[in-house]
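*Asks:* Coordinates for the following, if possible.
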Amino acid sequence: MVKSILGRKIGMTQVFADDGTVVPVTVIEAGPVVVTQVRSLNKEGYNAVQVGFGQIAAKKLTKPVAGQFSKAGVTPMRYLREFKVDDIADITIGQEFHADLFAPGDKVSVTGTSKGKGFAGAVKRWHFHGADMTHGSMIHRKPQSGGATDAARTFKGVKRPGRMGGDTVTTRGLKVVRVDADKNLILIKGAVPGANGGVIEICKMD
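*Replies:* The predicted structure follows:
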């Protein structure tokens, strides 16, 4: 009943389809994830599972978090996520899920943290056109008016220079090209959010 899994972005490569066409793919190490908690409709009001991905030394955890893993009887995990499920009847604490949750041809959505760009100007951040580069212009890439002058402030939502990237981004409608269950690898057509080595969520779409 679990339709989502945690993974780590390895990088991009290309594979050949059966008709010989080249398909750009992103290689993702998907799982294994371990069930650390089970939420029930009777107790918490909804059905969900909490899964962990990537082992971590127990000494690096706080006592409350370490106690959670100790109570569940599972190895401490670095990353925890909670996924809603329709039915928890066949799900137990300590159960593992692997890349074989998915099959070639599945449509998935992938959520990750986009690459951080640091402080960026309006041209790079919002794709402003910019002003003339010649003929005596002294504007070039500077942003222009920030809004009404009588408000004595800049309104929220105005496109101005600022921190760019580092946001949670979801790309929907991606296609699974190949699944290597032995190595826990999933090849997804196209690019997915985030830098290589970043943790991402893969969710099967209905």
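*Asks:* and the spatially most central residue of the chain, what is it in contact with?
*Replies:* Centroid-nearest residue in the chain: residue 112, 1.8 Å away (criterion: Cα atoms, centre = their mean). Taking Cβ atoms under 8 Å, 6 or more residues apart in numbering, we find residue 112 in contact with 9, 168-169, 192-194, 198-201. For the C-beta atoms, the positions are set from N, CA and C on the backbone; glycine is no exception.
*Asks:* just checking, residue 15 is part of a strand?
*Replies:* Yes. Residue 15: assigned to a strand according to DSSP: H, G, I helix; E, B strand; the rest coil.
*Asks:* And the pLDDT at it?
*Replies:* In this model, residue 15 is scored at 95, pLDDT.
*Asks:* if we can go back for a sec, per-residue confidence at the residue nearest to the centre of the chain?
*Replies:* Per-residue pLDDT puts residue 112 at 95.
*Asks:* can I assume it sits in a helix?
*Replies:* No. Counting by three-state DSSP, residue 112 falls outside a helix, being strand.
*Asks:* mind listing the strands in this structure by residue range?
*Replies:* Listed in chain order, the strands of the chain (DSSP state E) span 4-16, 22-30, 33-39, 48-55, 77-84, 96-97, 107-113, 118-120, 162-164, 168-180, 185-189, 199-204.
*Asks:* which residues does the residue nearest to the centre of the chain form a beta bridge with?
*Replies:* On the basis of DSSP bridges, residue 112 is bridged to residue 169.
*Asks:* how far away is it from residue 46?
*Replies:* Applying Cβ to Cβ, to the nearest Å, the value for residue 112 to residue 46 is 25 Å.
*Asks:* so where's this protein shaky on pLDDT?
*Replies:* Scanning the chain for pLDDT under 70 picks out nothing.
*Asks:* Can you pull the domain assignment for it?
*Replies:* 4-120+168-204, 121-164 (automatic domain parsing).
*Asks:* and these, which is most packed in?
*Replies:* domain 4-120+168-204 (a mean of 16; mean count of other Cβ atoms under 10 Å).
*Asks:* That one: how far from the chain's middle?
*Replies:* In terms of Cα atoms, centre = their mean, to the nearest Å, the gap separating the centre of domain 4-120+168-204 from the centre of its chain is 9 Å.
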